[in-house]
Each structure stands twice: as C-alpha cells, then as structure tokens.
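Student: Predicted structure and sequence below. I'll ask about it afterward.
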Amino acid sequence: MTPATRHSVSVAGAVVDEAGRLLAIRRRDNGRWEPPGGVLELGEVLHDGVRREVLEETGLDVEPDALTGIYQNIPRGIVAFVFRCHAIGGQLGPSIEASEVAWLTPNEITDRMAEAYSVRLLDALTPNGGQPHLRHHDGIHLLPVP
C-alpha cells in the first residue's frame, strides 16, 4: 500500500422496529436518506461504533444483533459494516447530523434512497444463510461482483 492509498472503515445500524420498519436519517449536509452510521474512530470496536453513531444521529440507544452486510465503495475506498440492531432506549429525534429521522417500510426505503444505501437496510431483512451480504458499489449503484 502506498502512502497515498487510504481506506476508511464505517459502521451503520439497520434498526428494526416491532412493525418491521427500518430507521433512516435525512442527512443535513446533502439531504439524502441513509441508514444511521459513520466512520469508525481509531481504536473503537465495531459494536461500540454502531451504538455511538446511531445515538449521535437519531437519539436512540441500540444493541447490535447481527452483522448483516459488508459494503465496499470502490472509488472512495470505504468499507462499511452494517449491523441489524434493536432499540433499547433513548429519545428519537433529529440531530446535528440528521435533519429528519423516520421509520420506513421497505418500499419507502427503495423510493427514498440510492441503491447503494437502500440495499444495506433491505439486506438486514433478508437472511443470507447466516452469512453477511457482501456488496460493491460506486456510491450510488451496486457493481457486479468481480
């Protein structure tokens, strides 16, 4: 790896409610709907990162249940780990990073999100033989498996 080569590790929570809806945020910086999540801090373990990011962006305390997917943004060098989670407390509401938070159905997720982000939530509802889904994307669209 050359000094100019950089990779980033991020985490996201696919928080599912009792009705099977998934939690999503509308980002303040670009107005797009996405799963709550962000960059893992140096020295932070994956589960703690998911808990922190979901709390910061939505006000909910969550507990990760299972790793449901690993998503690689090829052009930007970002690898995202997505965990299905359930809420254990907190107060749902907008934040410094999210102008809106909402519980969305799978159809609403497909309508509001770019494919590279909607698949992260939809995969959390779709078993993959006990294994996480592995996907590659360009930031918007899924790419064929190499």
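Tutor: Done, it's in. All of these numbers come straight from a predicted model, not from anything done at the bench.
Student: Below-threshold pLDDT in this protein: ranges please.
Tutor: Along the chain, segments meeting pLDDT under 70 span 1-5, 146.
Student: Just give the closest residue to the most centrally placed residue in it, not the sequence neighbours.
Tutor: With distances taken as CA atoms, centre = their mean, A12 lies nearest the centre of the chain, 3.1 Å away. The shortest distance from A12 to any non-neighbouring residue, by CB to CB, 6 or more residues apart in numbering, is to G37 (2.8 Å). Every residue, glycine included, has its C-beta placed from N, CA and C.
Student: Tell me, how many residues neighbour that neighbour?
Tutor: Counted with other CB atoms under 10 Å, the neighbours of G37 add up to 25.
Student: let's number from 588 now, not from 1
Tutor: Sounds good: first residue 588 from here, last item G624.
Student: Strands of the chain, start to end?
Tutor: Per DSSP state E, the chain carries strands over the ranges 595-602, 609-614, 620-621, 624-626, 647-660, 665-677, 685-691, 720-724, 729-730.
Student: A674 is in contact with E605, isn't it?
Tutor: No. When contacts are counted by CB atoms under 8 Å, A674 is not listed as touching E605 (9.8 Å).
Student: The two: which is more packed in?
Tutor: The neighbour count for A674 versus E605, taken as other CB under 10 Å, is higher for A674 (18 against 7).
Student: For the more buried one, name its beta-bridge partners.
Tutor: V649 (DSSP bridges).
Student: what do you get for S595?
Tutor: The partner residues for S595, given DSSP bridges, come to I665.
Student: residues contacting it?
Tutor: 626, 663-666 (CB atoms under 8 Å, 6 or more residues apart in numbering).
Student: repeat that for 7 Å
Tutor: 626, 664-665 (CB atoms under 7 Å, 6 or more residues apart in numbering).
Student: would you list those in a markdown table and tack on neighbour count?
Tutor: Shown next, in a markdown table, are the contacts of S595 (neighbours: other CB atoms under 10 Å):
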| residue | neighbour count |
| --- | --- |
| V626 | 14 |
| G664 | 11 |
| I665 | 17 |
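Student: export those residues to JSON lines and tack on distance to H720?
Tutor: What follows is these, written out as JSON lines (distance: CB to CB, whole Å):
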{"residue": "V626", "distance to H720": "21"}
{"residue": "G664", "distance to H720": "20"}
{"residue": "I665", "distance to H720": "16"}
